[in-house]
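> This is the structure alone, sequence omitted:
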């Protein structure tokens with residue numbers, strides 16, 4: 001296992017090195033972003049160890065001090081817009097967000113994906129004491145989705161409902177609650193009869209919940225991609241890809257909840273594209289309600 005020790009980039013300019021023939025090098029900065037699939041502060045804490053480690057790996061790869069700055073955006077849209085418009089250099093997004101971004105800007109660049117054995121499983125959950133036993137039992141019930149651009153929280157869960165013959169018009173109501181943890185609490189409190197969320201969130205929150213939830217239905221997903229903006233310098237892009245594929249710092253990977261990252265191709269996201277197409281049949285005439293105000297982005 002490689003040592004992850006490195007000099008903090010921010011200190012380089014402040015330390016005078018009394019060594020001969022030392023040439024000062026300008027620091028490079030990259031902006032990395034993810035969106036608030038949970039509380040912004042929790043997302044920031046989750047990604048901070050990885051951005052520190054990536055800064056170290058890139059410094060070695062590039063041969064110059066390189067700092068990866070972390071920004072947690074309020075919404076999925078803000079993160080994707082920043083990537084598509086070229087304002088953000090690197091993002092880690094859900095598969096559906098990658099598909100949407102690729103549609104808008106085909107020149108964005110896949111770098112790596114979280115390994116297959118860490119792929120996220122999607123769940124449709126109910127309270128443990130709920131009489132609901134199958135998806136068709138949801139007819140006439142209230143359903144909580146996550147963000148309206150979420151792979152699991154919207155697109156793939158809606159595709160599963162469509163396959164079961166349950167459409168939006170068959171439900172008593174449905175709503176987009178933005179985050180997986182909010183969906184869990186809404187079902188736990190009985191505000192909704194069922195909800196869609198990521199398996200990791202379900203298991204983590206169910207351990208401490210006084211009112212337990214149970215899985216009504218599960219479905220597969222594909223690994224989350226790490227993506228670079230269009231037009232990023234080829235040398236930097238190559239160094240990013242190499243650094244991600246060789247990231248093995250235990251603290252960083254534990255924080256990300258993955259065993260590592262692997263090479264990836266665009267074709268691997270065809271499963272999500274098919275699910276997104278299927279979800280269009282769920283409620284073709286419905287409009288997503290405007291999101292309520294949320295905290296400002298958390299910047300590292």
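That came through fine. For clarity, every value in this text was computed on a predicted model and none was experimentally measured. Numbering: from 1, shown residues only.
> what's the offset of stretch 86-95 from the middle of its chain?
10 Å (CA atoms, centre = their mean, to the nearest Å).
> ok, and for that stretch, which residues are buried?
Neighbour counts over stretch 86-95 (16 or more other CB atoms under 10 Å) mark 88, 89, 90, 91, 92, 93, 94, 95 as buried. For the C-beta atoms, the positions are set from N, CA and C on the backbone; glycine is no exception.
> What residues sit buried inside stretch 37-57?
Buried, per 16+ other CB under 10 Å, within stretch 37-57: 37-40, 43-44, 46-47, 49-57.
> Okay, and which of those residues map to helices?
The helices, defined by DSSP state H, take in 40, 43-44, 46-47, 49-57 from those.
> can you put those residues in CSV and add distance to residue 188?
Formatted as CSV, these follow (distance: CB to CB, whole Å):
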residue, distance to residue 188
40, 22
43, 21
44, 25
46, 22
47, 27
49, 30
50, 30
51, 32
52, 34
53, 35
54, 36
55, 39
56, 40
57, 40
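> Tabulate the residues you listed (JSON lines), appending pLDDT.
Below are these laid out as JSON lines (pLDDT from 0 to 100):
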{"residue": "40", "pLDDT": "85"}
{"residue": "43", "pLDDT": "90"}
{"residue": "44", "pLDDT": "91"}
{"residue": "46", "pLDDT": "90"}
{"residue": "47", "pLDDT": "94"}
{"residue": "49", "pLDDT": "95"}
{"residue": "50", "pLDDT": "95"}
{"residue": "51", "pLDDT": "95"}
{"residue": "52", "pLDDT": "96"}
{"residue": "53", "pLDDT": "97"}
{"residue": "54", "pLDDT": "97"}
{"residue": "55", "pLDDT": "97"}
{"residue": "56", "pLDDT": "96"}
{"residue": "57", "pLDDT": "96"}
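> Go through stretch 207-217 and flag the buried ones.
213, 216, 217.
> ok now do the second one, which residues does it touch?
Which is residue 216. Contacts were defined as CB atoms under 8 Å, 6 or more residues apart in numbering; by that measure residue 216 touches 123, 124, 125, 126, 130, 132, 133, 134, 135, 194.
> Quick check: buried residues in stretch 100-112?
100, 101, 102, 108, 109, 110, 111, 112.
> And the strands in the stretch 151-300 of the chain?
Residue ranges of the strands in the stretch 151-300 of the chain, as given by DSSP state E, counting those that start in this stretch, are 173-176, 194-198, 213-219, 225-228, 261-262, 298-299.
> Sheet partners, orientation included, of the longest one?
If I follow you right, that is strand 213-219. Sheet partners assigned to strand 213-219 using DSSP bridges are listed as strand 122-127 (antiparallel).
> Run the angle between the partner strand and strand 194-198 for me.
140 degrees (axes from the mean of the first three to the mean of the last three CA atoms, to 10 degrees).
> re earlier: using ChimeraX, define a selection of the buried residues within the contacts of residue 216.
Those of the contacts of residue 216 that count as buried under 16+ other CB under 10 Å are selected in ChimeraX with:
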select :123,124,125,126,130,132,135,194
